[in-house]
Each structure stands twice: as C-alpha cells, then as structure tokens.
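Asks: 3D model of this:
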Amino acid sequence: MATIIRTADVDLSNLSPNWKVLAEKYTQQVLKLPQVESGLVSKAQAQKWLSNAAQLLSENELRREIHSSKGFTEQDIRALWAHDHNEYYAKYHASEVYSLKRLESIKIPTEQDRKQVVLQSLFKALIKDKYNLQSAKYSDQAQSIQSDHNWVNSSPSLMKTETGENILISIKFNYQKDITQSDDIRNHVQILSLLNSQQRVDSAYQYNINIPEGKLDVLSSTALLGSDAFKQSLNLLKIWDTHATDMNVNFEKVTYSKSLFGSINQVSQAHWDYLLTGQTVEMPLDNKSQMTAQQESAFLPVAKRYAAAQRLQVAASKEFDSVKQEIADLVSTFGIPRKMDSHFDLVKVGARNVFDLDRAVNFLQRSNVDPAHYSSAKYDIDSLAKEATSKGVDVEKYRSYSAPNKEKVITTLEVLGVDKSQFNQSANHIHFTGQTRGGVYDRVSELEGQTQATIEDAITTIAKGISLPPEVELSEHTETSPEM
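Replies: Coordinates of the predicted model:
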C-alpha cells in the first residue's frame with residue numbers, strides 16, 4: 001500500500017537528481033488540473049506540490065500521480081463509497097482522497113507497489129498471448145475527453161479479441177475466485193472511464209492468478225532490472241503457466257449493473273462537487289469500548305503471543321519458499337536429473353519425467369494434425385445463449401446457479417437500497433492489524449524484522465543440530481565435498 005504524506009511534511013534529504021527538469025516539464029499539466037484552474041488550489045500550492053513530488057517520484061510515477069489528480073481513480077471511489085456507506089476500507093480514507101486531490105498530500109509507492117505494477121504488466125502480456133488478444137487502439141480524442149470527467153482510469157487494460165470484441169481485463173493475485181464488492185466497483189469505474197473516453201467495451205473479465213509468493217518475487221525482482229530482463233521474466237512465466245502445478249489462471253466474467261453505474265456516478269459527482277467548493281470529510285470516530293484493567297491484564301500476554309506467532313508464521317512461510325528454491329537451484333547444478341543418495345536422509349533427491357508440452361505441440365503442428373484432436377474447445381456461453389434465444393430456443397431450462405456469494409449478496413442489497421446492517425449479528429473478530437502507515441505500522445515493520453531474524457537464526461540452529469543416521473560417522477564426511 002502506497003504511503004500518503006502531507007506535502008508540508010516531505011523529507012527532501014534524498015532528492016532525485018533531475019527533479020528540477022521534471023518539475024519544469026510538467027508545470028503546465030499541473031496548472032491545468034481542474035482544482036487549480038477553479039481556484040480551489042492556488043498556483044503556489046500546486047507548484048510546491050509538483051516540486052516536492054518531482055523530488056520523490058520517478059518520472060513515470062509522477063506522470064501517473066498527475067493523471068490521477070485530474071479526478072477520482074477506481075481506488076479513490078472505493079474509499080468514497082466506503083465512507084458514504086459507513087464501511088471500513090483499509091487502503092485509505094475519504095479524507096485522504098480529498099487531501100490528495102487538493103494537492104495537500106503525495107502518494108509515494110512502496111517497493112511492493114512497484115512490484116505490483118510490473119507484475120500486472122507481466123500477467124497482462126501472458127493473458128494477451130495465452131488467449132490470442134491484441135491491445136485495443138485508443139481514439140485520438142481519448143486523453144482530452146478523459147480529463148473532462150471527474151473519474152480517471154489509472155491503468156486501462158482494454159484488449160481486442162480475434163472476433164473484434166473489446167474486452168476489459170483486470171488481474172488479482174492469490175485472492176478467492178469470486179468477484180468481491182471492491183472488484184465490482186473497480187471494474188464498473190474502469191468501464192465508465194473507458195466509455196467516457198469514447199472506447200467501446202463489449203465485456204469485462206477478472207483474472208484470478210494463484211501462484212506462490214516466492215515465484216512472484218522472482219518474476220518482479222528480475223523484470224524490474226530492465227526491458228531485456230522483463231522479457232526473460234515473461235518467458236519464465238509462460239513456462240510456469242504451461243508446466244507448473246502450483247500456478248493456475250482462472251477468469252470470471254464481470255456482470256454489468258446499471259444501478260451500480262448510477263450509484264458510482266452519484267458518489268463521484270457529489271464528492272467532486274464537495275471538493276471543488278472547499279468542503280471536506282472527517283475521519284469517523286470508532287464505536288469501541290476500552291477494556292477494563294482486569295481484561296487488559298488477561299488479554300495482553302495472549303495478544304502478544306498471538307502477534308508474535310502470526311508474524312512468525314508469515315516469516316517461516318517466506319523462508320521455506322526461499323530455501324525450497326535455493327535447494328532446487330543447487331541440485332540442478334549436479335548434472336543430469338537423477339535419483340541421488342545423501343548421507344543426510346531426511347531430504348530426498350529424486351527424478352521424474354516432465355512432459356514437454358511445447359515440444360509435443362510443435363511436433364503436432366508440423367505434422368499438420370488438426371488442433372481439435374489435442375486442444376480443448378472453448379465456448380462463449382453468453383453469446384451461445386443469446387444466439388439460441390434469437391432462434392426461439394428456451395435457454396432457461398439449461399440455467400443453474402452456484403451457491404450464493406456473500407459479496408454479491410451485499411452488492412445486490414445496496415443496489416436495491418436495502419440496509420445490509422439488518423442482517424448483521426454480533427461476534428468477536430480477532431485479527432492482526434491492517435494499519436499501513438503511522439506509528440502502528442512502524443512497530444509492525446520492526447516486529448517483522450525481529451521475526452524474520454528469529455526464523456533465520458532458528459533454522460540455522462536447528463539445521464546444525466539435525467543428526468545424520470547413527471551408522472554414519474560425521475567425521476568421515478566433514479571435509480568431503482559433494483560431487484558436482
């Protein structure tokens with residue numbers, strides 16, 4: 001989650017070397033922002049914001065931040081929606097949205113944010129190749145029209161299919177398959193922004209990628225090294241998509257809702273009017289009670305153990321993924337894959353045949369074998385049902401529904417104007433803090449550092465203490481190097 005800091009609190013001790021050139025280059029774009037031209041933000045404040053932002057952000061990040069300042073992004077509208085519906089939204093609050101649009105704050109991406117940007121690019125390229133898609137061409141008027149509206153699309157992903165349809169795609173990593181309320185809002189905002197840029201959107205799909213975090217780290221850290229490294233990461237990703245058993249790509253079609261389009265328009269227009277007229281929103285006060293001294297005394301030691309155990313679990317999982325990759329890389333240097341014995345018999349090295357699908361497919365293609373014999377057929381169910389209906393076929397008897405989905409039930413209630421709180425029931429919910437900034441976040445970061453170091457020390461200590469089989473004398477092997 002990006003760090004949001006007040007413009008007045010910016011630490012300028014680590015300056016970008018060419019910030020003055022950047023600031024001068026983008027001065028006119030900033031002065032043409034609607035909040036500046038309306039007089040809500042003074043030119044002096046706008047130039048101070050640009051000066052500070054240019055010293056903290058790369059050029060691409062600065063350009064995205066200026067573009068986002070033209071109106072509300074999908075993430076902004078999600079925060080405003082949460083405020084209007086009295087919901088908790090972890091990323092940031094409506095008051096911070098106002099502060100960003102008034103150029104009182106700057107959003108600074110973290111390393112994780114930067115990794116997410118490059119991962120989105122990698123997986124969009126994979127999906128584009130996997131499903132034979134092409135990037136849709138934007139109209140010449142798109143940029144100028146987009147700036148006239150109070151929502152902006154921070155990362156449009158409009159693709160064209162082989163049949164000429166324009167489809168919008170969005171990507172999530174390691175989430176549940178079903179589209180959540182936040183997904184619905186994001187997808188609808190993206191569709192609205194594209195429509196207002198005179199782009200046709202025939203359908204939208206959300207792709208849910210399940211892949212180990214360790215593999216995501218490998219892909220992102222490599223791809224960030226440059227364009228050639230990005231290509232290497234993409235090739236590795238394609239191999240994993242074909243062969244890896246711990247990665248899969250699912251997608252779900254986004255269902256449009258006219259009511260949700262209308263609600264989003266209402267929320268964004270109302271808040272944009274509030275913002276341009278100088279109004280503001282306040283952080284809500286939490287409705288919570290303080291523990292008694294007796295409750296606090298009992299809660300504190302258990303809560304500390306909970307926090308430590310939770311962070312240890314996360315750190316241990318990351319360390320295992322890292323060591324697993326390390327040992328696989330090491331064994332790959334031992335020559336042709338084969339079953340190998342070691343005096344340390346708790347970890348086995350085996351060998352197995354891995355079918356090279358790409359080579360086999362290339363062989364079949366060169367042999368002019370009809371793809372119908374070795375590829376699965378795909379059907380566009382919606383288009384098929386529409387075509388059948390137009391020819392008088394009753395498709396209702398073929399329709400069925402999966403189990404009700406909580407997020408879709410909530411969204412439907414809101415579209416109907418029904419207060420979802422009437423279906424709530426009280427229950428305690430224990431969870432680790434989701435704070436992403438401030439003093440609590442600093443303490444979480446400190447705790448993560450401690451637990452990571454503890455896990456590494458524990459693994460090293462335990463590893464040293466693991467014995468070899470009783471019949472093997474350790475002294476016979478301490479100076480023996482493994483045969484490479």
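
Asks: switch to C-alpha atoms for all contacts and neighbour counts from now on
Replies: OK.

Asks: backbone dihedrals for the residue nearest to Met247 when sequence neighbours are not counted, both of them.
Replies: Distances taken as CA to CA, 6 or more residues apart in numbering put Ile211 closest to Met247, at 4.6 Å, once the chain neighbours are dropped. In terms of degrees, to the nearest 10, the main-chain angles of Ile211 are phi -160, psi 140.

Asks: roughly how far apart are Ile211 and Ser289?
Replies: 40 Å (CA to CA, to the nearest Å).

Asks: more crowded one of these two?
Replies: Neighbour count, other CA atoms under 10 Å: between Ile211 and Ser289, Ile211 has more, with 18 against 6.

Asks: my guess is the more buried one contacts Asn250. True?
Replies: No: Ile211 is not in contact with Asn250 according to CA atoms under 8 Å; the separation is 11.4 Å.

Asks: residue contacts, Ala388?
Replies: For Ala388, the contact set (CA atoms under 8 Å, 6 or more residues apart in numbering) comprises Asp394, Val395.

Asks: give the next helix or strand downstream of the lowest-mean-pLDDT helix or strand in the chain.
Replies: Using mean pLDDT, DSSP states H and E, helix 142-146 stands out as the lowest-scoring helix or strand of the chain, at a mean of 40. Toward the C-terminus, helix 142-146 is succeeded by strand 158-160 as the next helix or strand (DSSP states H and E).

Asks: for that following strand, which helices and strands make contact with it?
Replies: strand 134-135, strand 166-173 (3 or more CA pairs under 8 Å, 6 or more residues apart in numbering; DSSP states H and E).

Asks: out of these, which is the most enclosed?
Replies: Using mean count of other CA atoms under 10 Å, the stretch among those with the largest mean neighbour count is strand 166-173, at a mean of 20.

Asks: tabulate the CA atom coordinates of that one in PDB.
Replies: Extracted as PDB, the C-alpha positions of strand 166-173 are listed here (Å, rounded to 0.1, in the frame of the first residue of the first chain):
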ATOM      1  CA  ASN A 166     -13.200  -5.100 -27.000                       C
ATOM      2  CA  ILE A 167     -12.800  -6.700 -23.600                       C
ATOM      3  CA  LEU A 168     -11.600  -5.100 -20.400                       C
ATOM      4  CA  ILE A 169      -9.400  -7.300 -18.200                       C
ATOM      5  CA  SER A 170      -8.400  -6.900 -14.500                       C
ATOM      6  CA  ILE A 171      -5.900  -9.100 -12.600                       C
ATOM      7  CA  LYS A 172      -5.700 -10.200  -9.000                       C
ATOM      8  CA  PHE A 173      -3.100 -12.400  -7.300                       C
END
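
Asks: mind listing the residues bridging to the nearest residue to Ser203 once chain neighbours are set aside?
Replies: With sequence-adjacent residues excluded and distances taken as CA to CA, 6+ apart, Ser203 is closest to Ile167, at 4.9 Å. Per DSSP bridges, the residues bridged to Ile167 are Met159, Ser203.

Asks: residues in contact with Ile167?
Replies: By CA under 8 Å, 6+ apart, the contact set of Ile167 is Leu158, Met159, Lys160, Thr161, Val201, Asp202, Ser203, Ala204, Tyr205.

Asks: what of Glu37?
Replies: Contacts of Glu37 (CA under 8 Å, 6+ apart): Leu31.

Asks: one more time with 10 Å, if that's ok
Replies: Applying CA atoms under 10 Å, 6 or more residues apart in numbering to Glu37 gives the contacts Val30, Leu31, Lys43.

Asks: Ala44 versus the first one, what's the distance?
Replies: Val30 sits at a distance of 11 Å from Ala44 (criterion: CA to CA).

Asks: assign the residue lying closest to Ile185 once chain neighbours are set aside to helix, strand or coil.
Replies: Excluding the flanking residues, the one nearest Ile185 by CA to CA, 6+ apart is Arg78, at 6.6 Å. Under the three-state scheme (DSSP: H, G, I helix; E, B strand; the rest coil), Arg78 adopts helix.
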